[in-house]
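> 3D model of this:
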Amino acid sequence: MAGKPAGGRSAARLAAVQALYEMEVAGAAADPVLRDFLQNRWPAEPGQPSLVEPDSELLTGLVRGVTERIPDLDGMIEPALSGRLSLNRLETLLRIILRAGTFELLTLGEIPAAVIINEYVDVAHAFFDEAEAAMVNGILDRLARTLRAQEAEARELEPE
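This next block holds a predicted model:
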């Protein structure tokens with residue numbers, strides 16, 4: 001992933017959440033949805049500004065990885081929820097944002113946890129108000145402290 005523009009990675013995260021949402025709501029399979037996203041959703045219409053093209057490798061990896069590990073991801077997210085929240089009662093899109101963020105924290109160790117968390121807070125802001133974005137921040141931060149314990153410990157030891 002080194003050397004790829006950051007905007008393409010951000011666009012890939014947003015597109016992955018949208019693709020995963022479409023798959024869940026419509027019961028669609030990953031490959032046709034990915035094909036549609038990569039071929040039809042990003043080219044600019046004539047006379048319109050071009051969109052940042054998502055990093056196709058990251059987009060594909062996120063969609064396939066999250067899809068393959070939903071039970072594992074849900075098992076990690078559920079204990080990180082606070083109070084009377086349960087994963088099944090969360091809005092579908094919020095649940096998908098948390099799954100994608102958790103998957104990245106779990107599998108993409110070369111990307112700092114703080115970057116991943118900020119990216120998914122930004123994705124949450126694209127669809128929700130501040131309360132939901134803050135919830136995404138809190139849950140992913142709790143998960144990062146477990147999934148990336150050494151990184152969290154090193155961050156806490158850094159002088160200010």
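
> what residues of the longest helix belonging to the chain count as buried?
Longest helix in the chain by number of residues, with DSSP state H as the criterion: helix 6-26. Of the residues in helix 6-26, 8-24 count as buried by neighbour count, 16 or more other C-beta atoms under 10 Å. C-beta coordinates here come from the backbone N, C-alpha and C atoms, glycine included.

> so, low pLDDT: which residues of the chain?
1-6, 42-51, 152-160 (pLDDT under 70).

> residue 11 against residue 55, yeah?
Yes. Residue 11 is in contact with residue 55 according to C-beta atoms under 8 Å; the separation is 7.2 Å.

> re earlier: dump the helix or strand following the longest helix of the chain to CSV, restricted to CA.
Per DSSP states H and E, the first helix or strand lying C-terminal to helix 6-26 is helix 30-40. Extracted in CSV, the C-alpha atoms of helix 30-40 (Å, rounded to 0.1, in the frame of the first residue of the first chain):
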residue,chain,number,x,y,z
ALA,A,30,-19.2,-9.5,-3.2
ASP,A,31,-17.9,-9.9,-6.7
PRO,A,32,-20.8,-8.3,-8.6
VAL,A,33,-21.0,-5.4,-6.2
LEU,A,34,-17.3,-4.8,-6.4
ARG,A,35,-17.4,-5.0,-10.2
ASP,A,36,-20.2,-2.4,-10.3
PHE,A,37,-18.4,-0.1,-7.9
LEU,A,38,-15.1,-0.3,-9.7
GLN,A,39,-16.5,0.0,-13.3
ASN,A,40,-19.6,2.1,-13.0
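
> and helix 30-40, how far from the chain's centre?
18 Å (C-alpha atoms, centre = their mean, to the nearest Å).
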